[in-house]
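Peer 1: The amino acid sequence is not available; the structure is as follows:
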């Protein structure tokens, strides 16, 4: 998009239009999407916009204009959760469009003061006929928020299709990457992709890269932490492994569970680092808040207790999707307290613009959930705000972080198995026990965390890796080089600062002649091991960013820099390759 777009002419028929128009100015992408929508005036429209871009404002602007033009009489908003129903109703009220968030299919009528209702996908599936009758009685606009949820369960999709087939207009919204499925999402258009498999076709797309360039969303620093983990398997075997090492799916899952165990040292160390980062951000953004996303209720309570010890302030704890939880989220959004700890409900759609620091402390590891979670931190309020998200050094999560700008369609042709989620089986057990005080007996018998320690690994920013490859102790000055990045910097300033600090570190670690009065020196073996780990980490980040196989990247580096394979290269050759791949990343970022 280039230039400033002229506003869509507004209809005078909508009585509250003056108040709405003065209270809300549309962003360029919202205006462009509005123009596209009314130029074509389609019955179905799919808008894909990155989290934090303002999908709700766009949808309510469309709704207000449709009502003003007498094209529709009523609105039905379908949201994933009870909390989001209330959030939609509040946003609509500010726009002069009263919605009833307490409506249910069995309720029948609602007050004549309301222009529409807000319901959940689950509520529609329970009684689609009642919703269909409502959609038939009036010229109705149906807003399907986070429409990918209509593909979560066959009953949800069938319910949505049955309920809203007669609707006059349907506006579908999503801000997160779709996933593969055999169930087509209702009212979404599909077309064959390059491989012949049907893929969803959006009518308007506004991705993270565009939003970042427009300063609509914040850039994200991902701070990755590795460390040594020890656990006991169901067979009684003790296993030791490090996060970030190449491991099988099972070992990755068990290593991550060990790291996230609040009784170990990893979680307290990472939470302490995140709190330091939050303090730095609050020096520049005084109301900045943090969010820890936990796997289950037991972990959430334990993390909250650790944070209270670290910060001296009791965090807001959100355990379930209930009215009290919604009030706690709303209160946290308006106050200036430091931390909120939540299970899954805060991962999608929940609007807390002051969230600036996050800790991804959950075993859920799908691209969809990761994008939803990161979306809680990217909403921009003013120029220079940067989000910081702490993540375990698990290959899949680092891959998602490197591919934050990737666009993904909904692909038909294979069953949803969450094959990218290596922790799905264990999470299912945890979800079965979610209403209780502890994880299920089956899960407890299969695994026991024995101990963990954390090390700062590296920072991922704009697809490039900066850091020390797992060699930095928590609480050290080297770690503070990254935790202390100012909380108010433009993206190019962050990039320049990271490159500068990386260059400074590279100079200090270059091989030097032995000094006779040196008391303690790093052995050649240890130095080479550190450099190989750093090179391998950069190659892995390059793979996640470009899709290029690790072996091809290593071969290209050898061709440009010379020398043998990394396993037998000397320190000077390894440093040359490290500097070269950083140059590649810089050129690709510019």
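Peer 2: Okay, I see it. Worth saying up front: this structure is predicted, and the values here are computed from it rather than measured. Residues are numbered from 1 along each chain as shown.
Peer 1: Could you use CA atoms for every contact and neighbour count after this?
Peer 2: Noted.
Peer 1: ok, for residue 155, nearest residue in space, not its chain neighbours?
Peer 2: The shortest distance from residue 155 to any residue other than its chain neighbours is 6.2 Å, reached at residue 125 (CA to CA, 6 or more residues apart in numbering).
Peer 1: So that neighbour sits against residue 156, correct?
Peer 2: Yes - applying CA atoms under 8 Å, one finds residue 125 in contact with residue 156, separated by 5.2 Å.
Peer 1: mind listing what's buried in stretch 549-560?
Peer 2: Buried residues in stretch 549-560, counting neighbours by 16 or more other CA atoms under 10 Å, are found at 550, 553-554, 557-558.
Peer 1: Closest one to residue 257 out of those, please.
Peer 2: residue 550 (27.3 Å; CA to CA).
Peer 1: Could you pull up the residues touching that closest one?
Peer 2: Shown in contact with residue 550 (CA atoms under 8 Å, 6 or more residues apart in numbering): 539-540, 543.
Peer 1: Work out for me the element residue 224 sits within.
Peer 2: Per DSSP states H and E: residue 224 is located in strand 220-233.
Peer 1: Could you report the neighbour count for residue 374?
Peer 2: As a burial measure, residue 374 scores 23 neighbours (other CA atoms under 10 Å).
Peer 1: measure it to residue 366 for me?
Peer 2: Per CA to CA, to the nearest Å, residue 374 is found 12 Å from residue 366.
Peer 1: What are the phi and psi values at residue 289?
Peer 2: phi -120, psi 170 (degrees, to the nearest 10).
Peer 1: circling back to that earlier point, export the buried residues of stretch 549-560 as JSON lines, with columns for distance to residue 249, pLDDT and secondary structure.
Peer 2: Formatted as JSON lines, the buried residues of stretch 549-560 follow (distance: CA to CA, whole Å; pLDDT from 0 to 100; DSSP: H, G, I helix; E, B strand; the rest coil):
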{"residue": "550", "distance to residue 249": "19", "pLDDT": "76", "secondary structure": "helix"}
{"residue": "553", "distance to residue 249": "24", "pLDDT": "87", "secondary structure": "helix"}
{"residue": "554", "distance to residue 249": "25", "pLDDT": "86", "secondary structure": "helix"}
{"residue": "557", "distance to residue 249": "29", "pLDDT": "91", "secondary structure": "helix"}
{"residue": "558", "distance to residue 249": "31", "pLDDT": "88", "secondary structure": "helix"}
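Peer 1: follow-up on the earlier one: how far does the strand holding residue 224 sit from its chain's centre?
Peer 2: 18 Å (CA atoms, centre = their mean, to the nearest Å).
Peer 1: I'd like the next helix or strand past it.
Peer 2: strand 238-243.
Peer 1: what's that next one packed up against?
Peer 2: With contacts taken as 3 or more CA pairs under 8 Å, 6 or more residues apart in numbering; DSSP states H and E, strand 238-243 sits against strand 220-233, helix 249-259.
Peer 1: So which residues make contact with that strand?
Peer 2: Strand 238-243 has contacts (CA under 8 Å, 6+ apart) with 226-233, 252, 255-256, 392-394.
Peer 1: Tell me the strands beside that strand, with direction?
Peer 2: Strand pairing for strand 238-243, using DSSP bridges, gives strand 220-233 (antiparallel).
Peer 1: Now do the buried residues in the partner strand.
Peer 2: So, applying 16+ other CA under 10 Å, buried residues of strand 220-233: 220-232.
Peer 1: Next: stretch 562-575.
Peer 2: 563, 566, 569-571, 573-575.
Peer 1: re earlier: quick one, which of the helices and strands packed on strand 238-243 is nearest to residue 270?
Peer 2: Short answer: strand 220-233, nearest of the helices and strands packed on strand 238-243 by CA to CA, at 7.5 Å.
Peer 1: how far off helix 249-259 does that closest one point, in degrees?
Peer 2: 100 degrees (axes from the mean of the first three to the mean of the last three CA atoms, to 10 degrees).
Peer 1: Could I get the contacting residues of the residue nearest to residue 43 when sequence neighbours are not counted?
Peer 2: The shortest distance from residue 43 to any non-neighbouring residue, by CA to CA, 6+ apart, is to residue 169 (4.7 Å). Residue 169 makes contact with 42-44, 72, 140-142, according to CA under 8 Å, 6+ apart.
Peer 1: For residue 169, give the beta-bridge partners.
Peer 2: For residue 169, the beta-bridge partners are residue 141 (DSSP bridges).
Peer 1: Can you classify residue 270 as helix, strand or coil?
Peer 2: helix (DSSP: H, G, I helix; E, B strand; the rest coil).
Peer 1: Let me know the pLDDT of it.
Peer 2: The score at residue 270 is 96. That number is its pLDDT.
Peer 1: can you count the residues close to it?
Peer 2: Per other CA under 10 Å, the neighbour tally for residue 270 reads 28.
Peer 1: how near is it to residue 311?
Peer 2: Taking CA to CA, one finds residue 270 at 13 Å from residue 311.
Peer 1: Same question for residue 151.
Peer 2: 41 Å.
Peer 1: out of the two, which sits in the more crowded spot?
Peer 2: Taking neighbours as other CA under 10 Å, residue 151 and residue 311 compare with residue 151 leading, 23 against 16.
Peer 1: if I read this right, residue 558 contacts residue 564, doesn't it?
Peer 2: Yes - with contact defined as CA under 8 Å, residue 558 counts as touching residue 564 (7.0 Å).
Peer 1: Spit out the residues that contact these two alike.
Peer 2: Here residue 558 and residue 564 have no joint contacts, going by CA under 8 Å, 6+ apart.
Peer 1: The helices and strands packed on strand 238-243: which one's closest to residue 482?
Peer 2: Among those, strand 220-233 sits nearest to residue 482 (CA to CA), with 8.3 Å.
Peer 1: any idea of the mean pLDDT in that closest one?
Peer 2: Taken as a whole, strand 220-233 has a mean pLDDT of 90.
Peer 1: Tell me who's in contact with residue 149.
Peer 2: 80, 121, 156.
Peer 1: Looking at those residues, which is nearest residue 275?
Peer 2: Of all the contacts of residue 149, residue 275 sits closest to residue 80, with 30.8 Å by CA to CA.
Peer 1: Return the distance of that closest one relative to residue 339.
Peer 2: As for residue 80, its distance to residue 339 is 24 Å (criterion: CA to CA).
Peer 1: who has more neighbours, those two?
Peer 2: The neighbour comparison of residue 80 against residue 339 (other CA under 10 Å) goes to residue 339, with 26 against 22.
Peer 1: so where's the stretch 401-550 of the chain shaky on pLDDT?
Peer 2: Across the stretch 401-550 of the chain, residues meeting the criterion (pLDDT under 70) sit at 405-446, 468-471, 505-523, 525-526, 544.
Peer 1: quick one: the helices in it?
Peer 2: 424-432, 441-446, 477-483, 491-509, 524-546, 550-561 (DSSP state H, counting those that start in this stretch).
Peer 1: So for the fifth one, what gets flagged as buried?
Peer 2: Think helix 524-546. Judged by neighbour count (16+ other CA under 10 Å), helix 524-546 contains these buried residues: 528, 530-545.
Peer 1: and if you look at the third one?
Peer 2: Taking 16+ other CA under 10 Å as the basis for neighbour counts, the residues of helix 477-483 that come out buried are 478-479, 482-483.
Peer 1: Of the contacts of residue 169, select the buried ones using a PyMOL command.
Peer 2: To isolate in PyMOL the members of these that are buried, counting by 16+ other CA under 10 Å, one can use:
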select buried, resi 44+72+140+141+142
